[in-house]
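Visitor: Below are the sequence and a predicted model; questions follow.
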Amino acid sequence: MEFSFSEDQDELRRAARRFLEVASSEERVRAAMETEQGYDSATWAQLSEELAWTALTIPEEYGGLGMSYLDLHPLMEEMGRALLCSPFFSTICLGANALLLGGTDAQKELHLPGIAAGETTATLAYAEKNGLMDAAGVEATCSRSEAGYVLRGDKSYVLDGHTADLLIVAARDANSKGDQDVSLFLVPGDADGVKRTWLPTMDQTRRLASVELVDVLVAPDALLGEEGRGWELCERTLDLARIALAAEQVGASEMCLDMSVEYAKVRNQFGRPIGSFQAIKHKCADMLMMIESARSAAFYASALAGQGQLDLEEAASSAKAFCSDTFFHCAAENIQIHGGIGFTWEHAAHMYFKRAKASEALFGAPSFHRERVAKRMGL
Amino acid sequence: MELQLTEEEEAFRQEARAWLQQQLNGPFKDLQGRGASGDQDTYVEERIAWGKAMGAAGWNCIGWPKELGGRGCTIKEEAVFNEEYVRANGPGNVGHIGETLLGPTLIHFGSPEQQQRFLPPIVSCEEIWCQGYSEPGAGSDLANVQTKATLVGDEWIIEGQKIWTSGAQYSDWCFVLCRTDSEAPKHRGISYMLVPMQQDGIEVRPIKQMGGSAEFAEVFFDGAKAHKDHVVGGINNGWKVAMGTLAFERGASTLGQQYLFQKEFEQVVAVARRTGAAKDPVFRQRIADAGIGLKIMRVNALRMLEHEGADLNREALISKLYWSNWHRDLGKLAMDILGPEAELIVAAPYELTAMQKWYLFARADTIYAGSNQIQRNIIGERGLGLPKEPR
């Protein structure tokens, strides 16, 4: 394994930053925050159609560019840095990954070209109101019928669930329990019996929704992966999503540090810049230490995923735990370093602070992931 | 998770491994694992003999240019060698101050005469060096050194005191920061002087540490003498030379150090299994956290090593602060997991277990070679460009 980004990856990062500085400026982010959809359609079209970001990790035979998961890493960092409001994460890191891991050729052919082109958005509806991060949390049911399957139940905390064109829904055999008998189904967002509701959130830069399934009938070929083995597929998809989220957290943390450093250089108190005081300087130094370490954790996980390693549990959980702690710490310190202005609605610090908390909880909090690592260590 | 090695580098690893295995399972068997941190005042004579054997076989100062007695190894090869050294349980290196601090300083700032006189005995481990920097009134504020050197005829006459001098008890030479112009601003009146330790004007008093061992000492200079030509980098230019010394630390020791940390971590996990702490949800969190931290330290190091050639990169800047905090926390975790048993030492008067030794010694990790506070200043000022504090 190489332990540095390639020249191409560095170039992708620079290009992404140039684009997002305009397309995801603070003003544009605030505008998207105000909408129910949660993102700007024109920007989405630009980054998927013109920049082909949605095609990046999709194999060439399905209309993509066939690049590796590590190639995605610098892009995720930049999206995090700019707090990009977009269905990219749900569509690529959840939807496309689940299809790539579990889809039949026919399913991939049906959905991936649309995703690559930015015409189809997708998401994974695995969680429910109980908020559990394991298979026990899946209470929605699926039952076989002559025409296929009937899905019933209430999914919640679904990323972009109210706008996604394609929902990948986790449901279990009625009367089953535990890890077994959970299956994943491809459900069109506008299918009969699907009722979707936006759930307004404290972090306004990312959208959550509930998805009610009232006797939703899907065809037999809507089954994604093996029947009854859906939780495993879900976990593997989530691990890929956790890695991408960790990279996003690194980029966002670094933005918090940059904001702090810039302010500490120009804000004068007691006749000199506050950054000359150790109380401020040392906070910034600790942030840098955490950020570079978080980058190592996320980079390593991305690189493993990029090599096609299937078991990413330990690397993904390590990265998600460490990067979550790092982002929250940096976002909180950024407010503290800015003083009063950092506490206002007008300043961007709160947007990062709120995103940090939301990202920390998304796909399992740090304690969940450390326990997972402990198990992998044989404890 | 390994460094990517070329065929030649891999062959180098095998050569080093074979030699170390042969020596440390043969003539130097008794030295395995001796003289590590917290234990550096033991087996000194034997470790000097080991250093000479290393030198004779060409394994000292491998990163130095060939014409100066080294092997011209890249930082990657150095890192590989250090990793093999720790893997083979090699003893604490008595010559490391000469090899890693003075040698590179002479190579960069020394006159050809100084290089010819002092470098070969470092390579052969014939002369052991110690570092005379800190003083009672000059710790983090190093530029405040008061030890004074006055030129009298062909000799410098030195008066003053150094402290925290590691290995002063058995060193042959000391590089000493002396004030040579008391009128000049404090950074501009310092000289970097090479002083023989075996002379009447020097008294060494070992300092007993909290772990009971005495790895460093106070050094008193009372009319001690140094040769007129043994000032490195020019008179009153010592601050620049001393700061240069710091920049020569290339991080080659990181992989070896991490191998050591890995072993300590595994010991902690083994204890957790024995005591039942491994079933406790709070300890499980802390152990996983330490394990994650160690893996990250390794990726940090591999990223730093692949950054070869660049000036101080960010991974290198954070290295000391990161590992010292991690190691200190691991020591506390170890004692917490041991519970009441942690209190029981091996025997009176004060013989400690290995774990107790590194637990206590780790408290020094965040202080020596630039305390955490100094590290944060360096990260803030050099890494982030924050303004210097008022001095």
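Guide: Perfect, thanks for sending it. Residues are numbered from 1 along each chain as shown, chains lettered A, B, ... in the order given.
Visitor: tell me what whatever helix or strand B:F118 lives in is packed against?
Guide: Here B:F118, judged by DSSP states H and E, is contained in helix B:112-123. Here helix B:112-123 touches helix B:103-109, going by 3 or more CB pairs under 8 Å, 6 or more residues apart in numbering or on different chains; DSSP states H and E. Just so you know, the C-beta spots here come from the backbone N, C-alpha and C atoms, and that holds for glycine as well.
Visitor: got the contact list for residue 245?
Guide: Answering for chain A, as no chain was given. Counting by CB atoms under 8 Å, 6 or more residues apart in numbering or on different chains, A:L245 touches A:M76, A:F89, A:C93, A:K320, A:C323, A:S359, A:L362, A:F363.
Visitor: Hmm, no, I was thinking of chain B.
Guide: B:L101, B:L102, B:P104, B:T105.
Visitor: now swap in A:A252 and tell me
Guide: Per CB under 8 Å, 6+ apart, neighbours of A:A252: A:G80, A:R81, A:L83, A:F327, A:C330, A:A331, A:Y352, A:R355, A:A356, A:S359.
Visitor: If we ignore the residues flanking it in sequence, what's nearest it?
Guide: A:G80 (3.9 Å; CB to CB, 6 or more residues apart in numbering or on different chains).
Visitor: pLDDT at that neighbour, what is it?
Guide: Note on A:G80: pLDDT of 98.
Visitor: so which helix or strand takes in it?
Guide: Using DSSP H and E, A:G80 sits in helix A:69-81.
Visitor: Could you list the residues in contact with the following helix or strand past that helix?
Guide: Of the helices and strands lying after helix A:69-81 in sequence (DSSP H and E), the nearest is helix A:88. Here helix A:88 makes contact (CB under 8 Å, 6+ apart) with A:W44, A:L47, A:S48, A:W53, A:T54, A:M79.
Visitor: mind listing what's buried in stretch B:28-44?
Guide: Buried residues in stretch B:28-44, counted by 16 or more other CB atoms under 10 Å in any protein chain shown: B:28, B:31, B:33-41, B:43-44.
Visitor: now stretch B:184-191
Guide: By neighbour count with 16+ other CB under 10 Å, stretch B:184-191 contains the buried residues B:K186, B:H187, B:G189, B:I190, B:S191.
Visitor: Which of those residues fall within strands?
Guide: Counting by DSSP state E, the buried residues of stretch B:184-191 place B:I190, B:S191 in strands.
Visitor: what's the closest of the buried residues of stretch B:184-191 to chain A?
Guide: Nearest to chain A among these: B:H187, at 18.4 Å, using CB to the nearest CB.
Visitor: From B:W173, how far off is the closest one?
Guide: With distances taken as CB to CB, to the nearest Å, B:H187 is found 25 Å from B:W173.
Visitor: all helices for chain B, in order.
Guide: Along chain B, the stretches classed as helices by DSSP state H are B:7-24, B:44-56, B:75-87, B:96-97, B:103-109, B:112-123, B:238-247, B:254-275, B:281-306, B:314-338, B:354-365, B:372-378.
Visitor: Lowest average confidence across those helices, which one?
Guide: Within the helices of chain B, the stretch with the lowest mean pLDDT is helix B:238-247, showing a mean of 86.
Visitor: Which positions in that helix come out as buried?
Guide: B:G238, B:W239, B:K240, B:V241, B:A242, B:G244, B:T245.
Visitor: For the stretch 251-379 of chain A, which residues are neighbours of chain B?
Guide: Within the stretch 251-379 of chain A, the residues that sit near chain B (CB under 8 Å from any CB of the partner chain) are A:257, A:261, A:264-265, A:272-273, A:275-278, A:280-282, A:284-286, A:288-289, A:292-293, A:296-297, A:299-300, A:318, A:321-322, A:367, A:370-371, A:373-374, A:377, A:379.
Visitor: ok, of those residues, which come out buried?
Guide: So, by 16+ other CB under 10 Å, the buried ones in those are A:257, A:261, A:264-265, A:273, A:275-277, A:280-282, A:284-286, A:288-289, A:292-293, A:296-297, A:299-300, A:318, A:321-322, A:370-371, A:373-374, A:377, A:379.
Visitor: So which of those residues sit within strands?
Guide: A:P273.
Visitor: Looking at the buried residues of helix B:238-247, spot the one nearest chain A.
Guide: Closest to chain A, out of all of the buried residues of helix B:238-247 and judged by CB to the nearest CB, is B:W239, at 21.2 Å.
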